[in-house]
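# what follows is a predicted protein model with its sequence.
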Amino acid sequence: MNLKRLLTIIFTVTFVAACGGGGGSSSSSSASTYNWATSVNGTATGRYLLQGSDAYTYTNTGTVTYAIDAAADTITLSSGGYHDPDLDSNTFSSYSSSTTGTDTQSNAGTANLTTINYNYSYTDPVYNDSVTLVIAVPTNYNHQVYLFWSANDRTLSTGFRWLNYAMLPITKTAYTDLPSSGTASYSGAIDGTWNNKTAANFYNIGGDASFSVDWGAKSISGSLANLSIVDNGTNAVTSFPSLTMSSATIQNSSDDARFSSSLSGSSLTGSISGFFLGSSYEEIGGGFTVRSSDSAGDNRGVGVFSAKR
């Protein structure tokens, strides 16, 4: 993905976007309808990042309810718990443009986050904000898509700005389909946004994701490593501390196999959650939140991750 380019687009009110790891090329196409292959309903956990003009920054989680109708090639989205704009039960069909984004920040190879990004727009009925919604479809993952949305009219000059994230599971793994013994490893990549509360620009955060699973114990641990941040304004690249995911129990949630845990790193704390995906538990996907825990205070970030077995 090329989230750095996506951020530039969202905050300059343009509808040609690419999302993901801080580099790569993109190409656009005219408006059309995305051909959804699978009809599915579900609810996903997402995250948002808000920055205020008074050097205030904030992150939190929310929910996205989604209904994909493959026959009509539409997706209906509602959100709750996010900062505005909500998705307001909008049904999206024709996108305004599409782009290809290439992941260049991770070393994940065929498990990277290269995507085709479909760009939609709507008007928030409460605040009359113009909103950009990007549905990012990974080219090398089969069971998950990502959402990014933000109000174009909200900038630091108006008091605050924000970016909302969610990973939508398309094919969840049934908990009862998980193996009862053995181990597995998953590798992939992350993509997200980091905000230094005193900086004028957001930063794209990217790198590698890896997970180890013990099927007998039904436990999962992992790390986000080889991370870097790219200044959305200057293109300056800075290394970022690795994050360790504490071992967590794989949970049975209405027969969905999912997990949640904490993240820790050098002067950093956070949280991470995700799903096992595919009928053969071949993918993992989800989201994360991270914040500085030192005297610098509330520098924060949010993002998504994907990994393959």
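Cool, the structure landed. Just so we're clear, the structure is a prediction, and the values are computed from it rather than from any experiment.
# mind listing the strands for the stretch 51-200 of the chain?
57-69, 74-80, 90-92, 94-95, 97-101, 115-123, 130-138, 144-151, 160-169, 183-195 (DSSP state E, counting those that start in this stretch).
# quick check: mean pLDDT across the first one?
Which is strand 57-69. On average, the pLDDT along strand 57-69 is 86.
# tell me how far it lies from the chain's centre.
10 Å (C-alpha atoms, centre = their mean, to the nearest Å).
# what's that strand packed up against?
Where contact means 3 or more C-beta pairs under 8 Å, 6 or more residues apart in numbering; DSSP states H and E, strand 57-69 is packed against strand 40-52, strand 74-80, strand 160-169, strand 283-292, strand 300-308. Quick note: C-beta positions are derived from backbone N, CA and C, even for glycine.
# please apply the same query to the fifth one.
Contact here means 3+ C-beta pairs under 8 Å, 6+ apart; on that basis strand 97-101 packs against helix 3-11, strand 115-123.
# same question for the fourth one.
In terms of contact count using 3+ C-beta pairs under 8 Å, 6+ apart, strand 94-95 is assigned the packing partners strand 32-33, strand 115-123.
# which residues are in contact with stretch 241-250?
Residues outside stretch 241-250 that contact it (C-beta atoms under 8 Å, 6 or more residues apart in numbering): 175, 178, 211, 213, 218-227, 257-268, 270, 272, 276, 288, 290.
# if any of the residues you listed are buried, put those into a ChimeraX selection.
In ChimeraX syntax, the buried subset of these is picked out as below (16 or more other C-beta atoms under 10 Å):
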select :175,178,211,213,218,220,221,222,223,224,225,226,227,257,258,259,261,263,264,265,268,270,272,276,288,290
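# pLDDT wise, what is Pro169 at?
Per the predicted model, pLDDT is 96 at Pro169.
# tell me which residues touch it, please.
Gly42, Ala44, His143, Gln144, Asp256, Phe275, Leu277, Gly285.
# the third one against Val137, yeah?
No. Using C-beta atoms under 8 Å, His143 is not in contact with Val137, being 11.2 Å away.
# neighbour-wise, which of those two wins?
The neighbour comparison of His143 against Val137 (other C-beta atoms under 10 Å) goes to His143, with 22 against 16.
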